[in-house]
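J.: coordinates only, sequence not included:
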Ligand SMILES: Nc1ncnc2c1ncn2[C@@H]1O[C@H](COP(=O)(O)OP(=O)(O)OP(=O)(O)O)[C@@H](O)[C@H]1O
Ligand SMILES: [Mg+2]
């Protein structure tokens with residue numbers, strides 16, 4: 001299957017599993033948001049997807065290829081874009097320099113040139129076009145997240161992994177950022193997102209997955225999960 005697939009992943013640190021047999025799939029051009037309480041293993045899942053943590057068991061498939069044994073740069077070259085939660089832009093560089101560096105680090109697999117990729121990402125994020133010459137460190141948190149996403153999209157990845165994009169943003173800036181994330185989904189990029197803000201995260205994605213204690217508690221269409229009483233009970237501490 002194309003897109004991103006995790007099969008029976010057991011993963012953790014120093015031989016101690018945090019994820020106990022997690023399977024999920026995001027079909028090509030699909031979108032999945034992973035939510036769950038603090039400490040449930042969301043970041044560990046993300047690190048396992050992008051190649052920063054090697055699973056003890058199970059497989060990670062990217063566009064049908066087994067990438068389980070590949071490191072993070074190799075997965076990036078195969079079309080997996082990643083926006084980490086922190087330190088995701090070069091603050092001293094301008095917005096345009098950030099986009100250039102990202103493109104030079106991983107050239108577009110389609111062979112598209114820098115100018116055409118720059119135009120494509122600025123169409124997705126018109127908010128940053130007037131800021132191209134501004135140092136990324138001088139932007140608002142929401143604008144900086146847009147630059148980080150635009151940089152990740154420069155090499156034209158087929159799958160984009162976002163780690164807690166709304167972290168640290170005001171509610172208003174988070175809403176604006178999610179308008180931009182919706183555009184990424186509509187552009188056909190396969191999206192895996194981890195999000196603390198359950199409502200926003202599940203509003204953007206087609207499907208949602210609830211991770212509890214390193215296991216999949218529920219998975220289904222995002223609107224159904226949002227409506228489900230499970231969410232309320234989890235986040236009001238009723239589990
Ligand atoms: N580098 C590490 N070494 C050892 N244990 C770790 C490491 N990182 C995370 N853990 C442990 O793994 C478990 C899951 O952590 P993880 O960061 O994946 O959860 P999370 O769902 O992302 O939580 P949060 O919502 O607070 O970000 C926790 O018990 C945590 O203490
Ligand atoms: Mg986390």
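T.: Ah, there it is. This structure is a prediction, so every number in the text was calculated from the model and none was measured. Ligands and ions are numbered 1, 2, ... in the order given.
J.: can you tell me the SS state at the spatially closest residue to residue 69 that is not a sequence neighbour?
T.: Distances taken as CB to CB, 6 or more residues apart in numbering place residue 54 nearest to residue 69, at 7.9 Å, with adjacent residues excluded. Where you see a C-beta, it was placed from the backbone N, CA and C, and this is true even at glycine. Three-state assignment for residue 54 (DSSP: H, G, I helix; E, B strand; the rest coil): coil.
J.: would you mind measuring from residue 54 to residue 22?
T.: Residue 54 sits 15 Å away from residue 22, going by CB to CB, to the nearest Å.
J.: show me the shaky parts of this structure.
T.: Along the chain, segments meeting pLDDT under 70 span 232-239.
J.: so where's the longest helix in it?
T.: helix 171-186 (DSSP state H).
J.: tell me which stretches of this protein form helices.
T.: Counting by DSSP H, the chain has these helices, from start to end: 42-50, 72-77, 95-105, 114-124, 141-153, 171-186, 198-204, 222-227, 229-235.
J.: want to throw those into a markdown table with distance to ligand 1 and mean neighbour count?
T.: Formatted as a markdown table, the helices of the chain follow (distance: least, CB to the nearest ligand atom, whole Å; neighbours: other CB atoms under 10 Å):
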| stretch | distance to ligand 1 | mean neighbour count |
| --- | --- | --- |
| helix 42-50 | 3 | 23 |
| helix 72-77 | 15 | 16 |
| helix 95-105 | 25 | 19 |
| helix 114-124 | 27 | 16 |
| helix 141-153 | 17 | 24 |
| helix 171-186 | 16 | 17 |
| helix 198-204 | 11 | 20 |
| helix 222-227 | 17 | 16 |
| helix 229-235 | 12 | 14 |
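J.: now those in CSV, please, with extra columns for distance to residue 13.
T.: Shown next, in CSV, are the helices of the chain (distance: least, CB to CB, whole Å):
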stretch, distance to residue 13
helix 42-50, 8
helix 72-77, 16
helix 95-105, 27
helix 114-124, 35
helix 141-153, 25
helix 171-186, 29
helix 198-204, 25
helix 222-227, 28
helix 229-235, 24
